[in-house]
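A.B. asks: I would like the atomic coordinates for the input below:
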Amino acid sequence: MFVCVRDVPFEGSTREECAFAVRRAIPGRAGHTPIYQVYAGDWQPAGEAQLELAGSTIDELWASLCSQTILGTPEVENLDARIIRHTEIARLESEVDKLTRDHQRVKNPAQRNEIYAKLHKAKAQLAKLREA
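C.D. replies: Now for the predicted structure:
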């Protein structure tokens, strides 16, 4: 568990903001070598940044802290699945932005249609993930 702190301009002065970060194994298959990633939460004013201590065991406490840092909620049910979903939504949002810019830039109709098909597919996947 890490806390990153920065000073940012705010209403004519500066204020401290912080973001929590955690190093956690990427959800994967049992028996495979774990791969670790650092997940960081959103920047918040330093006075408002808090994590709630929840859980009756160390494992539950750790899962709760990870959930609060990565997803912003203390619930630990299906944490790995929720992290995968959150990561996939972020990836698809980035892909939709890129494809939208590419679609506007390309002049060739064949390439433009191909990019539109990819864009439509990515938007459909994103909508499906957001519903669930």
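A.B. asks: what helices or strands is the biggest strand by length in the chain leaning on?
C.D. replies: Secondary structure of the chain per DSSP state E: the longest strand is strand 13-25. Taking 3 or more Cβ pairs under 8 Å, 6 or more residues apart in numbering; DSSP states H and E as contact, the helices and strands that strand 13-25 lies on are strand 2-10, strand 36-40, strand 44-45, helix 58-70. For every residue, glycine as well, the C-beta is placed using N, CA and C.
A.B. asks: list of residues touching the last one?
C.D. replies: If I follow you right, that is helix 58-70. Residues outside helix 58-70 that contact it (Cβ atoms under 8 Å, 6 or more residues apart in numbering) are 1, 20-22, 24, 39-41, 51-55, 73-76, 79, 82-83, 86.
A.B. asks: mind listing what's buried in the helix or strand following it?
C.D. replies: Downstream of helix 58-70, the first helix or strand assigned by DSSP states H and E is helix 79-105. By neighbour count on 16 or more other Cβ atoms under 10 Å, the buried set for helix 79-105 is 79, 82, 83, 92, 95, 96, 99, 102, 103.
A.B. asks: residues in contact with the nearest residue to residue 37 once chain neighbours are set aside?
C.D. replies: Counting by Cβ to Cβ, 6 or more residues apart in numbering, residue 26 is the residue found nearest to residue 37 once chain neighbours are left out, at 5.2 Å. Taking Cβ under 8 Å, 6+ apart as the criterion, residue 26 is in contact with 34, 35, 36, 37.
A.B. asks: from the contacts of helix 58-70, list the buried ones, please.
C.D. replies: Buried among the contacts of helix 58-70 (16+ other Cβ under 10 Å): 20, 21, 22, 24, 39, 41, 76, 79, 82, 83.
A.B. asks: of those, which is the nearest to residue 10?
C.D. replies: residue 41 (19.0 Å; Cβ to Cβ).
A.B. asks: where does that closest one land on pLDDT?
C.D. replies: Predicted confidence (pLDDT) for residue 41: 90.
A.B. asks: I'd guessed it sits against residue 72; true?
C.D. replies: Yes. Counting by Cβ atoms under 8 Å, residue 41 touches residue 72, with 6.8 Å between them.
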